[in-house]
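Chemist: structure for the following, please:
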Amino acid sequence: MYDAIIIGAGPSGLTSALYLGRANKKVLVLESKSYGGQIINASTIENYPGIPSISGFDFATNLYEQVKRLGVEIKYETVLRVEPTKKVITKEREYQAKVVIIASGATNRKLGLEKEEEWIGKGISYCATCDGHFYKGKVVAVVGGGNTALEDAIYLSNLASKVYLIHRREEFRGEEKYLEEIKKKENIELVLKATVDSLHGETSLQSITIDQEGKKRNLFLDGLFIAIGQEPQNQIFQNVVELDEKGYIKTQEEILTKTRGIYAIGDARVKNLRQLTTATSDGSIAAVMALKEMD
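Modeler: Okay, here's the model as predicted:
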């Protein structure tokens with residue numbers, strides 16, 4: 001019997017574990033991949049209060065080590081489902097807790113094109129800071145219109161000889177400061193009102209066809225970086241939570257689900273702002289509410 005089981009070892013889940021660990025509770029964190037969540041891919045974090053600049057990897061690692069020092073158990077297992085009784089079933093075994101905190105985050109949204117998944121690591125990537133160094137002096141493209149896409153284009157422009165920034169609209173959703181920096185980059189070409197139509201190559205990506213206002217155009221590339229947002233993976237929790245039309249968990253009073261003793265935090269839940277600060281905020285709120293539930 002655990003006091004709390006936390007599903008997900010991203011910033012929100014690890015923050016909950018930190019608070020609960022400091023309260024001397026028996027805590028288990030279950031993670032299917034690696035600690036850190038999406039933030040581990042950020043090259044630089046400059047908007048977290050009190051930390052002028054830090055890499056996403058260093059931030060996640062610091063938080064992970066901080067939690068481990070408190071004696072929190074972290075196991076790498078895939079969760080299959082959660083019962084209303086707060087029983088958590090993984091591929092390996094079953095666990096029981098007094099409260100469950102869902103911090104499952106979200107995954108990268110795909111273009112849905114033929115060969116896309118097959119060529120991941122062979123010209124297709126969803127993480128510029130992870131894979132950008134493979135494309136020094138080469139030609140790449142970034143697809144997307146938000147902050148991630150703009151940051152990826154800037155980062156890659158310092159490595160690649162040429163960066164195409166492809167966006168389906170004429171206006172970007174990202175912050176103006178990134179756009180200003182992009183305009184100063186001579187090796188970034190904006191390809192607006194365009195979508196990626198198809199991928200081409202033998203055993204890896206060699207070119208793409210884009211549809212720009214009804215006209216087809218081929219771009220010869222060494223790498224394509226896809227940054228079109230994220231999508232949650234919450235279907236396994238449908239019996240204990242309510243999902244919105246996009247698959248995010250609906251909550252009341254910030255993090256409460258429809259099942260007592262089960263909380264949803266971070267990018268997995270419906271919220272107006274998905275940032276590192278709101279993720280850690282969710283984590284601390286969930287831990288405090290969970291402590292009250294245990295009393």
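Chemist: surely Q230 touches G266?
Modeler: No - with contact defined as CB atoms under 8 Å, Q230 and G266 do not form a contacting pair (11.4 Å). Using the backbone N, CA and C atoms, a C-beta is placed for each residue, glycine as well.
Chemist: of the two, who's got more company?
Modeler: G266 (33 against 16; other CB atoms under 10 Å).
Chemist: select the longest strand from the protein.
Modeler: Assignment by DSSP state E gives strand 94-102 as the longest strand of the chain.
Chemist: contacts for that strand?
Modeler: Outside of strand 94-102, the residues within contact range by CB atoms under 8 Å, 6 or more residues apart in numbering are 1-8, 13, 16, 28, 30, 82, 85-88, 234, 237, 241, 249, 257, 261-265, 268, 286-287, 290, 293-294.
Chemist: residues contacting L18?
Modeler: When the contact criterion is CB under 8 Å, 6+ apart, the partners of L18 are 63, 66-67, 70, 72, 283, 287.
Chemist: if we use 10 Å, what do you get?
Modeler: 27, 63, 66-67, 69-70, 72, 280, 283-284, 287 (CB atoms under 10 Å, 6 or more residues apart in numbering).
Chemist: now for the longest helix anywhere in the chain, which elements pack on it?
Modeler: Ranked by residue count and defined by DSSP state H, the top helix of the chain is helix 276-294. Here helix 276-294 touches strand 2-7, helix 11-22, helix 56-68, strand 94-102, strand 262-264, going by 3 or more CB pairs under 10 Å, 6 or more residues apart in numbering; DSSP states H and E.
Chemist: tell me the helix or strand right after the second one.
Modeler: Read it as helix 11-22. strand 27-30 (DSSP states H and E).
Chemist: I'd like the average pLDDT over that next one.
Modeler: Strand 27-30 shows a mean pLDDT of 98.
Chemist: okay, now I154: neighbour count?
Modeler: Residues near I154, counting by other CB under 10 Å, number 20.
Chemist: next: G71.
Modeler: When neighbours are counted by other CB under 10 Å, G71 registers 10.
Chemist: what about the nearest residue in space to it that is not next to it in sequence, how many residues nearby?
Modeler: Excluding its sequence neighbours, the residue lying closest to G71 (CB to CB, 6 or more residues apart in numbering) is G21, at 6.5 Å. Other residues within reach of G21, judged by other CB under 10 Å, total 23.
Chemist: for E118, same thing?
Modeler: 13.
Chemist: phi, psi for it please.
Modeler: phi -60, psi -30 (degrees, to the nearest 10).
Chemist: quick one: contacts for it?
Modeler: Contacts of E118 (CB under 10 Å, 6+ apart): 124, 199, 203-205.
Chemist: can you turn the buried part of the contacts of strand 94-102 into a ChimeraX selection?
Modeler: In ChimeraX syntax, the buried subset of these is picked out as below (16 or more other CB atoms under 10 Å):
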select :2,3,4,5,6,7,8,13,16,28,30,82,86,88,234,237,241,249,257,261,262,263,264,265,268,286,287,290
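Chemist: on that earlier part again, report all helices and strands that the next helix or strand after the longest strand of the chain contacts.
Modeler: Downstream of strand 94-102, the next assigned helix or strand under DSSP H and E is strand 106-108. Counting contacts by 3+ CB pairs under 10 Å, 6+ apart, strand 106-108 packs against strand 230-232.
Chemist: shouldn't T280 be in contact with A17?
Modeler: No - T280 is beyond contact range of A17, at 11.6 Å (criterion: CB atoms under 10 Å).
Chemist: pick out whichever of those two has more residues nearby.
Modeler: Neighbour tally, T280 and A17, criterion other CB under 10 Å: the higher count belongs to A17, 30 against 22.
Chemist: is it correct that the more buried one is in contact with A4?
Modeler: Yes - under the criterion of CB under 10 Å, A17 makes contact with A4 at 8.1 Å.
Chemist: find the residues that touch each one of the two.
Modeler: 25, 27-29, 72, 101, 287.
Chemist: let me have those residues in a markdown table, adding distance to E181 as columns.
Modeler: Below are these laid out as a markdown table (distance: CB to CB, whole Å):
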| residue | distance to E181 |
| --- | --- |
| K25 | 45 |
| V27 | 42 |
| L28 | 43 |
| V29 | 37 |
| V72 | 39 |
| I101 | 38 |
| A287 | 38 |
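Chemist: which of the residues you listed tops the neighbour count?
Modeler: I101 leads the shared contacts of A17 and A4 on contacts (other CB under 10 Å) with 30 neighbours.
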